[in-house]
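Chemist: the sequence isn't on hand, but the structure is:
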């Protein structure tokens, strides 16, 4: 009798692990997952801790779960979307990536993609200047030749922060308030995208000097 009970428990554990593995594979069919995320999702399906850990161990061993690969994919996607280091670090933490792995991945990928250049491209996009400016290899912002030809005579710059309303332009105090408000708005947008304050202020200064 005791032997039969042990055998039934073994069968239940085996079936539970197989079900958990199938559930895990279905989740991975949808998209890549971090180990922490997979553990949480399986726990929500009422599998036992033993079943979950066995499945996770097996998936890690065969390379279907890999926190470093997951972190690199997340950071690469974030960089493509114009996100800065702070936002990406927070997302990695939310996904349960350990701090050391997160720092190593961010260091590696931010080195490959200069954060200042990423911030500059994002700023130009926010300002609607991507189509009329280009960034040289040295990081200098240049007005495209065809755009430069449309500037008023005697003008060789494009001032994004300059008010269009003549009544504001002609009032020194109103003009100053307008420019500071527009700069502050751009700074908030870039900071919320996760770029560091030093990089953001430098980029805004460079756009002001266009």
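Modeler: Yes, it's here. Everything numeric in this text was worked out from a predicted model, so none of it was measured.
Chemist: what ranges do the strands span in the protein?
Modeler: 133-135, 141-143 (DSSP state E).
Chemist: lowest average pLDDT across the ones you listed?
Modeler: Note on the strands of the chain: strand 141-143 shows the lowest mean pLDDT, a mean of 71.
Chemist: looking at the protein, which helix or strand is least sure?
Modeler: Every helix and strand of the chain was ranked by mean pLDDT, DSSP states H and E. The lowest is helix 145-148, at a mean of 51.
Chemist: returning to that earlier point: which one of the strands of the chain lies closest to residue 103?
Modeler: strand 133-135 (27.9 Å; Cβ to Cβ). C-beta: built from backbone N, CA, C; applies to glycine.
Chemist: may I see the buried residues of the closest one?
Modeler: Buried residues in strand 133-135, defined by neighbour count with 16 or more other Cβ atoms under 10 Å: residue 133.
Chemist: can you check stretch 49-64 too?
Modeler: Judged by neighbour count using 16+ other Cβ under 10 Å, the buried positions of stretch 49-64 are 51, 52, 54, 55, 56, 59.
Chemist: for those, please prepare JSON lines with the additional fields distance to residue 83.
Modeler: JSON lines is the format used below for the buried residues of stretch 49-64 (distance: Cβ to Cβ, whole Å):
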{"residue": "51", "distance to residue 83": "36"}
{"residue": "52", "distance to residue 83": "31"}
{"residue": "54", "distance to residue 83": "36"}
{"residue": "55", "distance to residue 83": "32"}
{"residue": "56", "distance to residue 83": "28"}
{"residue": "59", "distance to residue 83": "28"}
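Chemist: among these, which ones are in helices?
Modeler: Secondary structure from DSSP state H places 51, 52, 54, 55, 56, 59 of the buried residues of stretch 49-64 in helices.
Chemist: just checking, residue 66 touches residue 60?
Modeler: Yes. Between residue 66 and residue 60 there is a contact at 7.1 Å, judged by Cβ atoms under 8 Å.
Chemist: low-confidence ranges in the protein?
Modeler: 1-14, 112, 137-139, 143-159, 210 (pLDDT under 70).
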